[in-house]
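Student: Please work out how this folds:
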Amino acid sequence: MALIHIKDVVKTYDMGAELVHALSGVSLDIEENEYVAIMGPSGSGKSTLMNVVGCLDTPTSGLYEFGGQNVGELDDNELAEIRNRKIGFVFQTFNLLPRSTALHNVELPLIYAGISASARREKAEEALVSVGLADRMTHKPNELSGGQRQRVAVARALVNNPSIILADEPTGNLDSKTGIEIMQLLVDLHQKGNTIILVTHEEDIAAHAHRVIRLFDGKVASDEVIENPITYAERT
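Tutor: Predicted coordinates for the structure are as follows:
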């Protein structure tokens, strides 16, 4: 059974005078421990697809199963629990609390999950160590570089041991050198067994993935396996 099963998914938005078809019958499966890049020009539906996969939005019609569970049958609380426990999000804009330390930012998903304070701290510290920020735990976002802030965001995504990591343009606000460091980190996480879904419009970023799905006008235009993805070892 695929970790993610999407069949004939349609997503429309009522914009008043017109009905916008963001997704027009998308079907795809993603297996556990895959590293998939979703590409496409602006308006192709890639952000909408990520929102559906991440349970931030629900399909207008069609089937979406996450781990064998029909997402369309879940209520808001059940969707929130999936987002918190099974999906780690990494955004282009980091989405960190500006007045909180790196450690507290990483703890947030655990607070929502009802984990005790001592266990939260231990898990958050482990996550920050895993992304190379052992010496930056008490720093606030404005005391960190862009790359360090994105590492905090990756640590936050990892802290609940999610089924998948969803990364939306994770290098979009970073210079090229720092972007490579973040991509190295994602490759390393994939090699450790994480399932990664990467949304990007940049070919060199997508080249790290093992599979590239291209969208156009809300439909899957191509779905191809990458023979020689960029690996962590090649970049070090």
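Student: Show me the strands in this structure, by range?
Tutor: Here the chain has its strands, by DSSP state E, at 4-14, 19-30, 35-39, 61-66, 69-70, 87-91, 164-168, 195-199, 211-216, 219-225.
Student: of those, which approaches residue 125 most closely?
Tutor: For the strands of the chain, the distance to residue 125 is smallest for strand 87-91, at 17.1 Å, taking CB to CB. Bear in mind the C-beta positions are built from the backbone N, C-alpha and C, glycine included.
Student: ok, which stretches of the protein are helices?
Tutor: Ranges of helices in the chain, per DSSP state H, are 46-53, 76-86, 102-112, 117-130, 146-158, 176-191, 203-206, 232-235.
Student: Only alpha carbons, please: show the third one as CSV.
Tutor: Once side chains and other backbone atoms are set aside, the C-alpha atoms of helix 102-112 remain, and they are given as CSV (Å, rounded to 0.1, in the frame of the first residue of the first chain):
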residue,chain,number,x,y,z
ALA,A,102,15.4,28.0,18.4
LEU,A,103,14.7,25.4,21.1
HIS,A,104,11.2,26.7,21.8
ASN,A,105,10.4,27.0,18.1
VAL,A,106,11.3,23.3,17.6
GLU,A,107,9.3,22.4,20.7
LEU,A,108,6.0,23.8,19.4
PRO,A,109,4.6,20.7,17.6
LEU,A,110,5.3,18.7,20.8
ILE,A,111,3.4,21.2,22.9
TYR,A,112,0.4,20.8,20.6
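Student: List the buried residues for that helix?
Tutor: Neighbour-count burial for helix 102-112, counted by 16 or more other CB atoms under 10 Å, picks out 102, 103, 104, 105, 106, 107, 108, 109, 110.
Student: Show residues contacting it.
Tutor: With CB atoms under 8 Å, 6 or more residues apart in numbering as the test, helix 102-112 has contacts from 84, 96-97, 119-121, 123-125, 127-128, 133, 136-141, 144, 148, 152, 155-156, 159-160.
Student: Buried among those residues? Make that a PyMOL selection.
Tutor: Selection of buried members from the contacts of helix 102-112 for PyMOL, criterion 16+ other CB under 10 Å:
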select buried, resi 84+96+120+121+123+124+125+127+128+133+136+137+139+140+141+144+148+152+155+156+159+160
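Student: of all the strands of the chain, which lies closest to residue 50?
Tutor: Proximity to residue 50, assessed across the strands of the chain by CB to CB, is greatest for strand 195-199 (4.9 Å).
Student: Mean neighbour count, the helices of the chain: which tops it?
Tutor: Neighbour counts (mean count of other CB atoms under 10 Å) averaged over each of the helices of the chain peak at helix 146-158, with a mean of 24.
Student: Which residues outside it are in contact with it?
Tutor: 88-91, 94-96, 102, 105-106, 108-109, 124, 127-128, 130-133, 136, 139, 141, 144, 165, 170-171, 173-175, 178, 181-182, 185-186, 189, 194.
Student: Quick one: work out the angle between it and strand 87-91.
Tutor: In terms of direction (axes from the mean of the first three to the mean of the last three CA atoms, to 10 degrees), helix 146-158 departs from strand 87-91 by 160 degrees.
Student: Dump helix 146-158 to CSV, restricted to CA.
Tutor: Provided in CSV are the C-alpha atoms of helix 146-158 (Å, rounded to 0.1, in the frame of the first residue of the first chain):
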residue,chain,number,x,y,z
GLY,A,146,19.0,32.5,6.9
GLY,A,147,20.5,29.0,6.6
GLN,A,148,20.4,28.5,10.4
ARG,A,149,16.8,29.6,10.5
GLN,A,150,15.9,27.1,7.8
ARG,A,151,17.8,24.4,9.8
VAL,A,152,15.6,25.3,12.8
ALA,A,153,12.6,24.9,10.6
VAL,A,154,13.9,21.5,9.4
ALA,A,155,14.4,20.4,13.1
ARG,A,156,10.9,21.5,13.9
ALA,A,157,9.6,19.4,11.0
LEU,A,158,11.5,16.4,12.3
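Student: Right, I'll leave it there.
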